[in-house]
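Asks: Would you be able to build a 3D model of this:
(chains A and B)
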Amino acid sequence: MPDELPLHVASEDAEPDGALASRIRDGDRRAEAELVLRYGRGVRMVLERRVNDPELARDLYQETFSVVLQRLRQRGLDDPTRLTAFLQQTAANLAIGAFRKDGRRRTFADSDGIERVADGADNPYQRVHRDELRRAVMRLIAELDVSRDRELLLRHYVHEIDKPTLCRDYSLSAEHFDRVLFRARQRLKALLDADGITGDVT
Amino acid sequence: VSSTAPDADDEAMISAYLENRLAPEALASFECRMLDEPLLLDQIQLEQAMRDGMRSAPWTSATPVLAQAVATIPSPAARRDWTWLGLAAGFVAGAIVPGALLVETRGALQQAQVDARSWEANPARVLLELTRGAPEKRTWLVARDARRLLIELPVARALADSEFRLGIANERVASVPATMDGLRPDADGIVSVLLPAATLPDGAYRIVVESRRDGAWRPYGEFDVELRRL
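Replies: Now for the predicted structure:
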């Protein structure tokens, strides 16, 4: 499956939602694939967080795009610029509905576009094996030059001490605290990328 | 690599989202932004990866540094109903990640659960029973993704007004027990200790409980526990 596909389309280069919706209504199958490519990763995240069950999320992911594509093909949206809101609402409703139904969801995989890009739309970090992620995080911590940053990250993530307390303990501004976390995240991404674990996600 | 840092509001929203603290309308709005803003989605997924990775790593090598940092934690008065105990540097060599173990009584816990800002409502609960017939070796089975561990210790009615302290040491690693004192039973006679689950990796632990009577600490009970994740 297409791991080499970019995981999203940079927004500045993307076709406006309204135009994409119109192309789908006109029967452009390529536009359907573009829709899944553009929003698949986000929809997967929405569903995984809401149902906390990867398998169920995978089923609902297929169903979300099935519902959205059928609607776009048949009669479009009243306001095509609200495509993301429609996608989000569809995913949320299906997640809520999943809790109300007995048994597992049926999968509606009727779109070539969904099939082609489904795996590429996964959360790249959730594909990382737990041990690999753990090793990358330990490397990240070990290579930090500033011991204060090391302590800060451990206390924040492992002991879950809240931000105001840590800012007070280390005499940091909130902005400085956020920068430490942001740098750590970027470094983790670089480490995972360097190991060829995630591929390019931007 | 995304080089644009989220602003402070977005950082707060990312944390709230990953901790399930957003109200329904705010959640829907934030999910729409996730769909529209790939760079925001990147940061959310990286933050989740950081959390997962950090909480699953054994932090043996970081122990002295962390313990030293914990000593700077301010007094309990600044922390609403919670009592944070800074654990002395070096009290555990590798088994327990020393840090801010959170200790309080169950009444305060129920109150705190209303405020989902800090703690999810369902920590993994484990019991220390000091009864005749209780197994010599207890096994605590805890969900692998549990973030909190709530240790509950029912105490004798006669000691309802006593102070307790609890020491935990990993039996397979030479260590000095992590000691939590200032524990008092709630109205139901239960002493509760709530701590981040990451501070207790899988392993065998010896837990020693003492009560203060007539101004002196006296043995109350000793427990051997095997902690396992499922």
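Asks: Could you check whatever helix or strand B:D224 lives in and say which residues are buried?
Replies: According to DSSP states H and E, B:D224 maps onto strand B:216-229. Neighbour-count burial for strand B:216-229, counted by 16 or more other Cβ atoms under 10 Å in any protein chain shown, picks out B:Y220, B:G221, B:F223, B:V225, B:L227. The C-beta positions use only the backbone N, C-alpha and C, and glycine is treated the same way.
Asks: which one of those residues is nearest B:L195?
Replies: B:L227 (11.9 Å; Cβ to Cβ).
Asks: quick one: that closest one and A:V137, what's the gap?
Replies: Taking Cβ to Cβ, to the nearest Å as the measure, B:L227 and A:V137 are separated by 22 Å.
Asks: hey, which helix or strand in chain A has the poorest pLDDT?
Replies: One helix or strand of chain A scores below all others by mean pLDDT, DSSP states H and E: helix A:112-117, with a mean of 49.
Asks: pretty sure B:W140 belongs to a strand, no?
Replies: Yes. Counting by DSSP: H, G, I helix; E, B strand; the rest coil, one finds B:W140 located in a strand.
Asks: In contact with it: list those residues for me.
Replies: By Cβ atoms under 8 Å, 6 or more residues apart in numbering or on different chains, B:W140 lies in contact with B:V126, B:V225, B:E226, B:L227, B:R228.
Asks: show me where the chain has helices.
Replies: Went with chain A since none was named. A:17-25, A:29-51, A:54-74, A:83-100, A:112-117, A:130-142, A:147-153, A:163-170, A:174-194 (DSSP state H).
Asks: right idea, wrong chain: chain B
Replies: With DSSP H as the criterion, chain B has helices at B:8-18, B:24-36, B:38-56, B:63-70, B:106-114.
Asks: Tell me if I'm right that A:S173 and A:K163 touch.
Replies: No. At 10.9 Å, A:S173 does not count as touching A:K163 under the criterion of Cβ atoms under 8 Å.
Asks: For those two, work out which one has more neighbours and name it.
Replies: Neighbour comparison, A:S173 and A:K163: the larger count goes to A:K163, with 17 against 10 (by other Cβ atoms under 10 Å in any protein chain shown).
Asks: Mind pulling the model confidence for the closest residue to that one other than its chain neighbours?
Replies: For A:K163, ignoring the flanking residues on the chain, the nearest one in space by Cβ to Cβ, 6 or more residues apart in numbering or on different chains is A:F177 at 5.8 Å. Note on A:F177: pLDDT of 92.
Asks: before we move on, what about B:W82?
Replies: On the pLDDT scale, B:W82 is placed at 33.
Asks: Could you do B:L41 as well?
Replies: Per the predicted model, pLDDT is 93 at B:L41.
Asks: before we move on, what about A:H8?
Replies: Confidence at A:H8, expressed as pLDDT, is 43.
Asks: For B:A160, which residues are in contact?
Replies: Contacts of B:A160 by Cβ under 8 Å, 6+ apart are B:P185, B:G189.
Asks: now it: how far from chain A?
Replies: 31 Å (Cβ to the nearest Cβ, to the nearest Å).
Asks: The strand holding B:D224 pairs with which strands, and in what direction?
Replies: Applying DSSP bridges to the sheet, strand B:216-229 is found paired with strand B:137-142 (parallel), strand B:203-213 (antiparallel).
Asks: can I get those strands in CSV with distance to A:V51 and mean pLDDT?
Replies: What follows is the strands paired with strand B:216-229, written out as CSV (distance: least, Cβ to Cβ, whole Å; pLDDT from 0 to 100):
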stretch, distance to A:V51, mean pLDDT
strand B:137-142, 22, 85
strand B:203-213, 32, 86
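Asks: Highest mean neighbour count out of those?
Replies: Burial of these is given as mean neighbour count (mean count of other Cβ atoms under 10 Å in any protein chain shown); strand B:203-213 ranks first at a mean of 18.
Asks: For it, give me every contacting residue.
Replies: Contacts for strand B:203-213 (Cβ under 8 Å, 6+ apart): B:95, B:128, B:130, B:153, B:155, B:159, B:162-173, B:177, B:217-227.
Asks: for chain A, which spans come out with low pLDDT?
Replies: Within chain A, the segments meeting pLDDT under 70 span A:1-14, A:100-128, A:197-202.
Asks: correct me, but A:R155 touches A:K163?
Replies: No. If you go by Cβ under 8 Å, A:R155 and A:K163 don't touch, sitting 10.6 Å apart.
Asks: Could you tell me the end-to-end distance of stretch A:67-85?
Replies: End-to-end distance for stretch A:67-85, by Cα to Cα, to the nearest Å: 14 Å.
Asks: what about the strand holding B:D224, average pLDDT?
Replies: Strand B:216-229 comes out with an average pLDDT of 88.
Asks: what is the orientation angle of it with helix B:38-56?
Replies: For strand B:216-229 against helix B:38-56, the angle by axes from the mean of the first three to the mean of the last three Cα atoms, to 10 degrees is 120 degrees.
Asks: hang on, the earlier thing: residues contacting the residue nearest to A:K163?
Replies: Counting by Cβ under 8 Å, 6+ apart, A:F177 has contacts A:L152, A:K163, A:L166, A:C167.
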